[in-house]
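**Student:** dropping a prediction and its sequence here:
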Amino acid sequence: MCIFQIFGGTSVEEMIVRKNSNIFILVIFLLLNFSYVFAQIPEWAKTNQHKKYPSSRFFLGVGIADNKTEAIELARADVAKQIRVKIESELETIESEFHEGDKGYITSEVKSQTKSLVSETIAGIEIAKVEKAKGKYYVLAVLNKSKYLSSLEVEMGEILAETEQLIESARKLSSGGKIFTAVENYIDAQNGIPEFYTKGALYTALSGKKYPVAEQFTGPGILAEMRDLFSHIELKCLSGDDQKGKSGTVLPMPIVLQVFYESEIGKEIGVDRFPVLAKYDNGELIARKETDSDGLAEFRVVAVPTDDIGKNGAVVVSINIVKLPDIFKDSISKSEILIHYSVETESLYFSIHIVDKSGSRYKNIEDKFASLVSENGYSVSDDAPFVLEGNVAVFNEKEIDSPMGKQFYVESVVNISLIDRYNGKTIASFKAKGKGLSAGSRQAAVEKSHKNLKISNKKFAAFLQCATSR
């Protein structure tokens, strides 16, 4: 019997092959573990530098994390952070060029611009290296500076060209008396300043030099030029001040005002198309208008008492440039005027009776209207010859599900008739509406809607005045 057959038919050659295979697997296993344990952290991850991507031409960012995706995001964020810091640092220098009163405006505007600009830049960041060492991922992100400079130069050139065109046009318009159109052009030019300076800060961060700007088109220069123009705009009342009128009726004379621009030689030029508005000094709007070709605007005003005793009223007329930034509003030498009038009232008495659909009286609403009657110079008495007969109703309501729980929304209306007690005839009618929202209950929302009734003093005064025409 052959000796090889004694061991179950396994040959010596087979045993040697099997042993060598096991040794090979063990060596591979040890090598893999050795590389895992002793793999070196990339040098660029320690120094934030790479020969292939010199800092003079690239922004470099490093991200380290257990997860590859997270490491990539961290590397991108590192680049974005560097860009943001450089922009903000450059903007601090830029802000020092501005007038003290403009710094807050510039700072506020460029912050939002910086955020969006950095977001745009992140799209161009490339992942240059991804390596794994000691169980962590190391990622190198890079941004090629020169790639952005060319497009940035084009964008800034366009902003500058548009600004130059707007400023030149504004100068010509103002010298020709077209002041309001000039103002609009100046405002449009001013709106481009934050974007220009934010991009300019990025330009400096990328190139190491400032973008060339003509001296006459600097941000501080434009703002100073705008202030100078606004300082020559003024509002004045030509007629309609210190009148007398019956409560609830239109004042005998209209209020006539003029918006004018005082030229360098002292000539007053009427400003056409200039927006103005008139309000009672309690805040109630009378009307919004634009001046005519001579800078004139006319307001018809109902004599409504705005004091506490029902004897006097006042109207505030003001320049109303909605687009005008707050920083320029103080530059206008006289942007609003106060017009006074006195109110003549007859000895009228009213009783007030307001109920719901069940006939229950609403004392709180009655008290509200009693106060308005007194403010108009009249009196309230239970046996008065005139009755304010009203009813309260809910005309719209709904339940709203919210994180705070169920909320109740209610809209109420009060309909009031002015009735001659002696003949029962209705002389006039008046309506007021209110809204209420409550998380507590429907009834709480109803009560809020009553509290929030919107009542026009002008219309209510005219409503009461109808009693004199019976």
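**Tutor:** Sure, I can see it. A quick note: this is a predicted structure, and the numbers were derived from the prediction, not measured. Residues are numbered from 1 along each chain as shown.
**Student:** hey, which helix is longest across the protein?
**Tutor:** With secondary structure taken from DSSP state H, the chain has its longest helix at helix 145-175.
**Student:** now that one, how far from the chain's geometric center?
**Tutor:** The chain centre lies 25 Å from the centre of helix 145-175; the measure is Cα atoms, centre = their mean, to the nearest Å.
**Student:** quick one: buried residues of that helix?
**Tutor:** In terms of neighbour count (16 or more other Cβ atoms under 10 Å), helix 145-175 has its buried residues at 145, 148, 152, 156, 159-160, 163, 166-167, 169-170, 173-174. Glycine gets a C-beta too; all of them are placed from N, C-alpha and C.
**Student:** quick one, helices of this protein?
**Tutor:** 12-38, 43-47, 68-95, 100-122, 145-175, 179-191, 193-207, 219-230, 326-329, 363-375, 442-451, 457-465.
**Student:** if we can go back for a sec, now do the longest helix of the chain against helix 193-207, angle only.
**Tutor:** Angle of helix 145-175 versus helix 193-207, following axes from the mean of the first three to the mean of the last three Cα atoms, to 10 degrees, is 150 degrees.
**Student:** can you name every helix or strand that helix 145-175 contacts?
**Tutor:** For helix 145-175, the packing partners by 3 or more Cβ pairs under 8 Å, 6 or more residues apart in numbering; DSSP states H and E come out as helix 179-191, helix 193-207, helix 219-230.
**Student:** if you set the cut-off to 10 Å instead, what comes out?
**Tutor:** Contacts defined by 3 or more Cβ pairs under 10 Å, 6 or more residues apart in numbering; DSSP states H and E place helix 145-175 against strand 58-65, helix 100-122, helix 179-191, helix 193-207, helix 219-230.
**Student:** average pLDDT for that helix?
**Tutor:** Taken as a whole, helix 145-175 carries a mean pLDDT of 86.
**Student:** what's the angle from it to helix 179-191?
**Tutor:** If you take the same axes, to 10 degrees, helix 145-175 sits at 170 degrees to helix 179-191.
**Student:** between helix 145-175 and helix 219-230, how many degrees?
**Tutor:** 20 degrees.
**Student:** now helix 145-175 against strand 58-65, angle please.
**Tutor:** If you take the same axes, to 10 degrees, helix 145-175 sits at 120 degrees to strand 58-65.
**Student:** burial check on residue 200, number of neighbours?
**Tutor:** Neighbour count of residue 200, defined by other Cβ atoms under 10 Å: 22.
**Student:** test my guess that it contacts residue 114.
**Tutor:** No. Counting by Cβ atoms under 10 Å, residue 200 stays clear of residue 114, with 11.6 Å between them.
**Student:** quick one: common contacting residues for those two?
**Tutor:** The contact sets of residue 200 and residue 114 overlap at 87, 91 (Cβ atoms under 10 Å, 6 or more residues apart in numbering).
**Student:** pLDDT weak spots in the stretch 151-300 of the chain?
**Tutor:** Where the stretch 151-300 of the chain drops to pLDDT under 70, the residues are 214-218.
**Student:** rerun at 90
**Tutor:** 151-157, 159-161, 163-164, 171-234, 246-249, 261-275, 282-283, 293 (pLDDT under 90).
**Student:** tell me how many other residues surround residue 423.
**Tutor:** Neighbour number of residue 423 under other Cβ under 10 Å is 8.
**Student:** so how far is residue 229 from it?
**Tutor:** 63 Å (Cβ to Cβ, to the nearest Å).
**Student:** one more: residue 70?
**Tutor:** Taking Cβ to Cβ, one finds residue 70 at 54 Å from residue 229.
**Student:** who does residue 233 bridge with?
**Tutor:** Assessed by DSSP bridges, residue 233 has beta-bridge partners residue 261.
**Student:** how many neighbours does it have?
**Tutor:** Neighbour count of residue 233, defined by other Cβ under 10 Å: 24.
**Student:** next up, the contacts around it.
**Tutor:** Counting by Cβ under 10 Å, 6+ apart, residue 233 has contacts 179-180, 183, 259-262, 269, 271, 274, 295, 319, 321, 331-335.
**Student:** who has more neighbours out of residue 70 and residue 229?
**Tutor:** The residue with more neighbours, out of residue 70 and residue 229, is residue 229; 19 against 14, by other Cβ under 10 Å.
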